[in-house]
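Undergrad: pasting a predicted model and its sequence here:
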Amino acid sequence: MASKLRKRNLIYLTWLVMLSTYGIYYFIGYLLNTDILNAITPHKNGFSVSFVGVFLLIGTSCFLVYVIDNYWKNKKIS
């Protein structure tokens, strides 16, 4: 049961980190007026996908989830 709960929490953490990372990159891209940081950029007649943005989003999110998960595992309960 504890394993199932930990897996569910890790999935929620992954989604939260992915969405917040996407929002941060979108905001930075908006401030700098560049589309390369946005993974998906909407246009009037469709959308475009930036492979650099997708790579940054996945790489940063995986790194943050790894760091947060290791922090939770190594945190000592006193």
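TA: Here it is on my side, so go on. Predicted model, so just to flag it, every value in this text is computed and none were measured. Numbers count the residues shown, from 1 in each chain.
Undergrad: which helix in this structure runs the most residues?
TA: helix 2-32 (DSSP state H).
Undergrad: list the helices and strands that helix packs on?
TA: Applying 3 or more CB pairs under 8 Å, 6 or more residues apart in numbering; DSSP states H and E, one finds that helix 2-32 makes contact with helix 51-74. Bear in mind the C-beta positions are built from the backbone N, C-alpha and C, glycine included.
Undergrad: now do the helix it packs on: distance to the chain's middle.
TA: On the basis of CA atoms, centre = their mean, to the nearest Å, helix 51-74 sits 7 Å off its chain's mean C-alpha point.
Undergrad: that helix packs against which elements?
TA: Using 3+ CB pairs under 8 Å, 6+ apart as the contact test, the elements touching helix 51-74 are helix 2-32.
Undergrad: can you pull the buried residues of the very next helix or strand once past the helix it packs on?
TA: Counting by DSSP states H and E, the element after helix 2-32 in chain order, helix or strand, is strand 40-43. Buried residues in strand 40-43, counting neighbours by 16 or more other CB atoms under 10 Å, are found at T41.
Undergrad: what are the contacting residues of strand 40-43?
TA: Identification of contacts with strand 40-43 by CB atoms under 8 Å, 6 or more residues apart in numbering yields D35, F47, S48, V49, S50, G53.
Undergrad: can you list the strands that that strand pairs with?
TA: Its sheet considered, strand 40-43 pairs with strand 46-49 (antiparallel) by DSSP bridges.
Undergrad: which residues sit against the strand it pairs with?
TA: Residues from elsewhere that reach strand 46-49 (CB under 8 Å, 6+ apart): D35, A39, I40, T41.
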